[in-house]
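In: Any chance you could fold what I've pasted below:
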Amino acid sequence: MHFSFTLEFNWHTVTNSQAIDALVHALCIQLFVNHRIECVHPSDSVLVFASDRDCTFAQLALCTDTRFTVIRL
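Out: A predicted model of the protein is given here:
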């Protein structure tokens with residue numbers, strides 16, 4: 001499976017890369033449990049999706065969280 005659709009998370013109050021890594025990994029799990037969206041987590045602030053549809057839905061599902069800003073790359 002080829003993954004090429006990317007979301008980057010800009011955390012407003014968290015600056016520690018290990019903490020950001022854990023929080024973004026938790027978002028990956030949340031997307032799978034709640035919406036059955038699969039993604040990979042290649043770096044501390046990035047999630048990558050296999051389809052444009054999944055990436056767009058994930059962006060919409062996560063955009064109401066005030067802890068971070070979601071940027072589509």
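
In: ok so Asp21 is a strand residue?
Out: No. With the criterion set as DSSP: H, G, I helix; E, B strand; the rest coil, the secondary structure at Asp21 is helix rather than a strand.

In: Identify the residues contacting it.
Out: If you count contacts by C-beta atoms under 8 Å, 6 or more residues apart in numbering, Asp21 has them with His41, Asp44, Ser45. From N, CA and C alone the C-beta is placed, and that goes for glycine too.

In: now do 6 Å
Out: With contact taken as C-beta atoms under 6 Å, 6 or more residues apart in numbering, Asp21 is in contact with Asp44.

In: what's the distance between it and Trp11?
Out: If you measure Asp21 against Trp11 using C-beta to C-beta, to the nearest Å, the figure is 11 Å.

In: Phe5 bridge partners, please.
Out: Using DSSP bridges, the bridge partners assigned to Phe5 are Phe49.

In: Now for it, how many residues are close by?
Out: With neighbours defined by other C-beta atoms under 10 Å, the count for Phe5 comes to 20.

In: I'd like to know how far it sits from Gln59.
Out: With C-beta to C-beta as the criterion, Phe5 and Gln59 are 10 Å apart.

In: Could you do Thr69 as well?
Out: 11 Å.

In: If you count surrounding residues, which of these two has more?
Out: Gln59 (16 against 12).

In: show me the contacts for Val46.
Out: Going by C-beta under 6 Å, 6+ apart, Val46 touches Glu8.

In: Tell me both backbone torsions, phi and psi, for it.
Out: Note on Val46: its backbone torsions stand at phi -130, psi 140 [degrees, to the nearest 10].

In: Check what pLDDT it gets.
Out: The model reports Val46 with a pLDDT of 97.

In: burial measure for Cys39, as a count.
Out: When counting by other C-beta under 10 Å, one arrives at 23 neighbours for Cys39.

In: That one touches Gln30, doesn't it?
Out: No. Cys39 is beyond contact range of Gln30, at 10.6 Å (criterion: C-beta atoms under 6 Å).

In: which stretches of this structure form strands?
Out: 5-11, 39-43, 46-49, 68-72 (DSSP state E).

In: Would you mind giving these as CSV with distance to Ala26 added?
Out: As requested, the strands of the chain are arranged in CSV below (distance: least, C-beta to C-beta, whole Å):
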stretch, distance to Ala26
strand 5-11, 11
strand 39-43, 10
strand 46-49, 11
strand 68-72, 12
